[in-house]
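S.K.: Quick one: sequence plus predicted model below, questions after.
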Amino acid sequence: KQEVTQIPAALSVPEGENLVLNCSFTDSAIYNLQWFRQDPGKGLTSLLLIQSSQREQTSGRLNASLDKSSGRSTLYIAASQPGDSATYLCAVANAGNMLTFGGGTRLMVKP
Amino acid sequence: GAGVSQSPSNKVTEKGKDVELRCDPISGHTALYWYRQSLGQGLEFLIYFQGNSAPDKSGLPSDRFSAERTGGSVSTLTIQRTQQEDSAVYLCASSLAVGRGPGNTIYFGEGSWLTVV
């Protein structure tokens, strides 16, 4: 059974800092890995999707990497802003595109 | 529509009543998923529809839960005889394709917040 773990569970940083969120998974036979953002009381917004054959994806200030063999992914946020405050969720897709989610990292960026 | 649409956005119901939650996926998306997010818990897979194939119901927590997808588009999640532990956010998602490839990004709706009192 796939298990996904996110570290840290919570993170508070001053505005402008670069930061890294970590995600690990136990079964490397994945189709893809997706990072989501969830604001309080809202649904999930897809940030980046990395196919199993890829090593990284970039979107603006976000960069996600994937090391499938070691079962790890990182989400790098450059020059953090208060608007980045949210919960970040990592999810891996196995057969059937069913997602297994990590517990999330609650990020607070202080002005 | 532009995104995944869910209704109602909020529902308060009495214990023992039945509820129906609706999901309208992104037009043209063949795959539809239901997930549940309970307070303090992670996201839990419930059920998955892909085209005309039989749905994957492996995540449904009990036989009080059922879902259908009519015409390959709109889906309804039904919870019978609701219990307090059913209180959660029920999230619907859809994707253009399944498996490997660029079309399998999964898009979520805003969720239906269910409170059973």
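M.R.: Here it is on my side, so go on.

S.K.: quick one: contacts for the residue nearest in space to the middle of chain B?
M.R.: In chain B, the residue lying closest to the centroid (CA atoms, centre = their mean) is residue B:34, at 2.8 Å. Shown in contact with residue B:34 (CB atoms under 8 Å, 6 or more residues apart in numbering or on different chains): B:23, B:45-48, B:67, B:75, B:77, B:90-93. C-beta here means a position set from N, CA and C on the backbone, and glycine is covered the same way.

S.K.: Please identify which helix or strand holds it.
M.R.: Taking DSSP states H and E as the criterion, residue B:34 maps to strand B:31-37.

S.K.: Contacts only, for the closest residue to residue A:22 other than its chain neighbours.
M.R.: Using CB to CB, 6 or more residues apart in numbering or on different chains and skipping residues adjacent in sequence, the residue nearest residue A:22 is residue A:7, 4.7 Å away. Residue A:7 is in contact with A:22, A:24, A:105, counting by CB under 8 Å, 6+ apart.

S.K.: Arrange these in JSON lines, one row each, with neighbour count and secondary structure as further columns.
M.R.: Output for these, formatted as JSON lines (neighbours: other CB atoms under 10 Å in any protein chain shown; DSSP: H, G, I helix; E, B strand; the rest coil):
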{"residue": "A:22", "neighbour count": "15", "secondary structure": "strand"}
{"residue": "A:24", "neighbour count": "18", "secondary structure": "strand"}
{"residue": "A:105", "neighbour count": "21", "secondary structure": "strand"}
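
S.K.: What is the nearest of these to residue B:28?
M.R.: Proximity of the contacts of residue A:7 to residue B:28 was ranked by CB to CB; the top entry is residue A:105 with 32.6 Å.

S.K.: where along chain A do the helices fall?
M.R.: Shown for chain A, no helices are assigned by DSSP state H.

S.K.: Could you list the contact residues of it toward chain B?
M.R.: For chain A, the contact set with chain B under CB under 8 Å from any CB of the partner chain comprises A:31-32, A:34, A:36, A:41-46, A:49, A:51-53, A:89, A:91, A:93, A:95-104.
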